[in-house]
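>>> A structural model of the following input is requested.
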Amino acid sequence: MVPVWSPDRAVSSMIVEVRPKDPAERPRLIFFQKFINFRTYTNYSLYWFSYKYSFSLLLSTLVFHAIVYSQTDIRYDPWDWITYKNVSQVYSITEGREYIYFATNGGIIRYHLYGKYWGDPITRSQGLPSDDVRSIYFDFNTNLLWAADKNHLSYSTNDGGSWDTVDPVVLGLRPSEYIVRIGSTPGNLWCITTSQVLQLNSMSGFVINPYATIPEDNVNWGSSLITYPNSKESTDILVKFTLTNGWIKSSNILLGPHFEEVTLSTIFLDRFGDVWVGTWGGPVFYGSYQMRILEPLYFGPAQTSAEVVLPGDGYLWIGGITHESQFSGLTKLDIVRGYWDKFRSGYEIFFGGDNIFCGVQLRGEWWFGTPEGIQIYDEKQDSWFLLTEAKGFPDQRVTSMASDGEYLYAGTPFGIIRFSAKDKIRVPWELSDQLLGQMIYDMHWDGKDLWISAELGLWLWESFSDSYRYYSWVVQKGSEDFKTKDNSSVGLISPLKAIASTDQKVYFGDNFGILIFNKKDENWERITGASQLIGLQILDLHISDDLEEKNKILWVGSTQGVIKINLESGIVRKFTKRDGLPSNFIQKIFVDMENAWFGTPEGLVWFNWTKYE
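Model prediction:
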């Protein structure tokens, strides 16, 4: 059957007439009626009727509303999953009843108008089809929040908590055409694309008419990109304000206290007369109409990819490795106040590279492994120190770390080094010679002994006796056996990429599940989590208590999502992009009694896990 669309010019209804190609297909249908409710605002009555040769579908409301998907799982509340990404490009700004909304390359960020604080960001975790949002608009006539990326137009009825997306086919956009600005008049939504102006129904997003130019003058708009940075409009606004916090302006360029140079991207004037300024590569700026000052507002991590998530006292360190085209840096997030403190190469004194592989806290200092060596941060002095090859490294690249409180153990692609935490110098160690030339995958201090996963096997250094054991991938002279209670085989069959421990057991992740070492009887066993762990590439392990603090929970970060295993009951649950993750590639996990944090290439994720325990 071929659908033939016949839109009524008054847009009070639409009839879809369906004519069969083959006369034999022409059925005689009985008249019936079905009602469908789409979200909150629109009810549609579908009248199917036919006689000898055809039937028609009558949509008896303002307009046909095409919805393609809403990505988040309905089992979760809107803010149970939150993704934080680097925000370096602001494309559009609009005001709502309580928030100022910014369309950015890291989703939609929002600032509370009255409380003067950042709200939770809006990303794919809330149902947006893309985090690269190019235009934003809040319609006071309908209380709908509209957002557009390069391929979709979406709307939210609850301030961004959940989203529905208008079918791109309904919009009729040409290839590579996308919406760059959104506005409204009573009853209509207006979208400026890269080649035309579209008049849409303000409740549904269905196209009423296309225009070459804007036919109405009283359109209320969200902001768009500044086409000419030195335009009179932007210059006249900014000349009335004075920059603060070490920032100064020079034409359309803003110069920061750390020698940053950022350009203006968009400007928005709200209903109170305050000014909001978006930039390329810098913070958002807020200009108070009464105070006449323009202050920077920082939000989000220094980079999107989160491979390192380290907990401190009320804060998190977030870092990772980025490509040259992306912003990079190390971030310290104050969890309680929501402050983002960023450290970037070239901005901090004695701060080297800002790509981070690993980190550990030692004697009031934070040690970070980087491609250039080890960065050390003294919290009391608020200062940085760089350990490099001159201090005894066989290789500058430090990919894993562990500490016993006295020494720092640094793993590199060519072995392992032991450092004195007090003197920050290399200390001779027998295992350094044994592991010379081997890639170190991971290290873990279990409170008593040091476990080292290397290229050729697993090593255990027993600190009390200052001796070591070696477990090889294959049976060979000098290597330990994997003793089990039932004498079954649980040997090393793939590299161990992640290690975690409790007081009684040590857990190792490989490509075939979890290998467990019992400290008391020194027996080994293997679990596969009802086969859900077989074939996974495990990237990280973390152990937490359950809510009653009676049982232990093993969190597994893999290339296929997060796996949560109750070690007492054996219950396994898996979390993926369908639940709210921006990526199934889980690089790092940290969980406490209130928060679950997941580091992914697509951002740092917070999950309200206690709600579903």
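>>> where does this structure dip in pLDDT?
1-73, 228-233, 324-326, 388-395, 473-491, 528-531 (pLDDT under 70).
>>> contacting residues around the most centrally placed residue in the chain?
The structure's the chain has its C-alpha centroid closest to residue 603; by C-alpha atoms, centre = their mean the separation is 2.7 Å. Contacts for residue 603 (C-beta atoms under 8 Å, 6 or more residues apart in numbering) come out as 83-86, 106, 123, 301, 304, 306, 582-583. To be clear about C-beta, it is placed using only N, CA and C from the backbone, and glycine gets the same treatment.
>>> Not counting residues beside it along the chain, what's closest to it?
Spatial nearest neighbour of residue 603, chain neighbours left out: residue 85 (4.0 Å); criterion: C-beta to C-beta, 6 or more residues apart in numbering.
>>> next one: residue 131
The shortest distance from residue 131 to any non-neighbouring residue, by C-beta to C-beta, 6+ apart, is to residue 107 (4.4 Å).
>>> and that neighbour, how far is that from residue 225?
Distance, residue 107 to residue 225, using C-beta to C-beta, to the nearest Å: 18 Å.
>>> out of the two, which sits in the more crowded spot?
Counted by other C-beta atoms under 10 Å, residue 107 and residue 225 do not tie: residue 107 has more neighbours, with 28 against 18.
>>> didn't the more buried one look like it was pressed against residue 83?
Yes. Using C-beta atoms under 8 Å, residue 107 is in contact with residue 83, at 7.1 Å.
>>> what sits in contact with each of those two?
121, 123-124, 131.
>>> Widest-spaced pair of those?
For these, the maximum inter-member distance is 10.7 Å, found between 121 and 124 (C-beta to C-beta).
>>> Overlap of the contact sets of these two?
Taking C-beta under 8 Å, 6+ apart as the criterion, residue 121 and residue 124 both touch 83, 107.
>>> and stretch 296-304, how far apart are its ends?
20 Å (C-alpha to C-alpha, to the nearest Å).
>>> Is residue 611 in a helix, a strand, or coil?
Per DSSP: H, G, I helix; E, B strand; the rest coil, the local secondary structure of residue 611 is helix.
>>> so where do the helices sit in the stretch 201-350 of the chain?
Taking DSSP state H, counting those that start in this stretch, the helices of the stretch 201-350 of the chain run over residues 232-238.
>>> pretty sure residue 162 is in contact with residue 128, am I right?
No. Using C-beta under 8 Å as the test, residue 162 is too far from residue 128 to be in contact (9.8 Å).
>>> The two: which has the busier surroundings?
residue 128 (26 against 20).
>>> what's the nearest residue to that one if we skip its chain neighbours?
Using C-beta to C-beta, 6+ apart, the closest residue to residue 128 is residue 163 (5.5 Å).
>>> Phi, psi for residue 431 please.
With angles defined as degrees, to the nearest 10, residue 431 sits at phi -70, psi -20.
>>> burial count for it?
Using other C-beta under 10 Å, residue 431 has 18 neighbouring residues.
>>> can you start the count at 35 instead of 1 from here on
Renumbered: residue one is now 35, and that last one reads residue 465.
>>> For it, give me its contacts.
Counted by C-beta under 8 Å, 6+ apart, residue 465 has contacts 450, 486, 493, 495, 502.
>>> again, only this time at 7 Å
Counting by C-beta atoms under 7 Å, 6 or more residues apart in numbering, residue 465 touches 450, 493, 495, 502.
>>> In terms of residue numbering, what are the domains of the protein?
According to automatic domain parsing, the chain is divided into the following domains: 36-93, 115-331, 528-647.
>>> can I get the ones you listed in CSV with distance to residue 421?
Listed next are these as CSV, based on distance: least, C-beta to C-beta, whole Å:
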stretch, distance to residue 421
domain 36-93, 57
domain 115-331, 23
domain 528-647, 23
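>>> So which of those domains is nearest residue 344?
Nearest of the domains of the chain to residue 344, taken as C-beta to C-beta: domain 528-647 at 7.6 Å.
>>> The closest residue to residue 503 other than its chain neighbours is in what secondary structure piece?
The shortest distance from residue 503 to any non-neighbouring residue, by C-beta to C-beta, 6+ apart, is to residue 494 (4.4 Å). Element membership for residue 494 (DSSP states H and E) is strand 491-496.
>>> After that strand, which helix or strand is next?
strand 501-506.
>>> Alpha carbons of that following strand, as PDB, please.
The C-alpha trace of strand 501-506 is given here as PDB (Å, rounded to 0.1, in the frame of the first residue of the first chain):
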ATOM      1  CA  SER A 501      59.500 -12.400  49.000                       C
ATOM      2  CA  TYR A 502      57.400 -13.000  45.900                       C
ATOM      3  CA  ARG A 503      55.400 -15.600  44.100                       C
ATOM      4  CA  TYR A 504      54.900 -15.900  40.300                       C
ATOM      5  CA  TYR A 505      51.900 -17.300  38.500                       C
ATOM      6  CA  SER A 506      52.600 -17.900  34.800                       C
END
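>>> buried stuff in it?
504-505 (16 or more other C-beta atoms under 10 Å).
>>> so it versus strand 491-496, what angle?
Here strand 501-506 runs at an angle of 160 degrees relative to strand 491-496 (axes from the mean of the first three to the mean of the last three C-alpha atoms, to 10 degrees).
>>> And the next helix or strand past strand 501-506?
With DSSP H and E, the next secondary element past strand 501-506 is strand 532-535.
>>> which residues are contacting that next one?
Applying C-beta under 7 Å, 6+ apart, the contact partners of strand 532-535 are 476, 478, 480, 485, 487, 540-543, 572-577.
>>> Determine which of the domains of the chain approaches residue 400 most closely.
Nearest of those to residue 400, taken as C-beta to C-beta: domain 528-647 at 14.9 Å.
>>> how far does the closest one stretch from start to finish?
Using C-alpha to C-alpha, the end-to-end distance of domain 528-647 comes to 32 Å.
>>> From the chain's centroid, how far away is it?
19 Å (C-alpha atoms, centre = their mean, to the nearest Å).
>>> Ok, stretch 404-418 next?
The chain centre lies 26 Å from the centre of stretch 404-418; the measure is C-alpha atoms, centre = their mean.
>>> Now do that stretch: everything it contacts.
Under C-beta under 7 Å, 6+ apart, the answer for stretch 404-418 is 382-387, 389-391, 398-402, 419-423, 427, 430-432, 444.
>>> rerun that using 6 Å as the cut-off
Applying C-beta atoms under 6 Å, 6 or more residues apart in numbering, the contact partners of stretch 404-418 are 382, 384-387, 389-390, 399-402, 419-422, 430-432.
>>> related to what we said a few turns ago, strands paired with the strand holding residue 494, and their directions?
Partners of strand 491-496 in the sheet, by DSSP bridges, are strand 483-488 (antiparallel), strand 501-506 (antiparallel).
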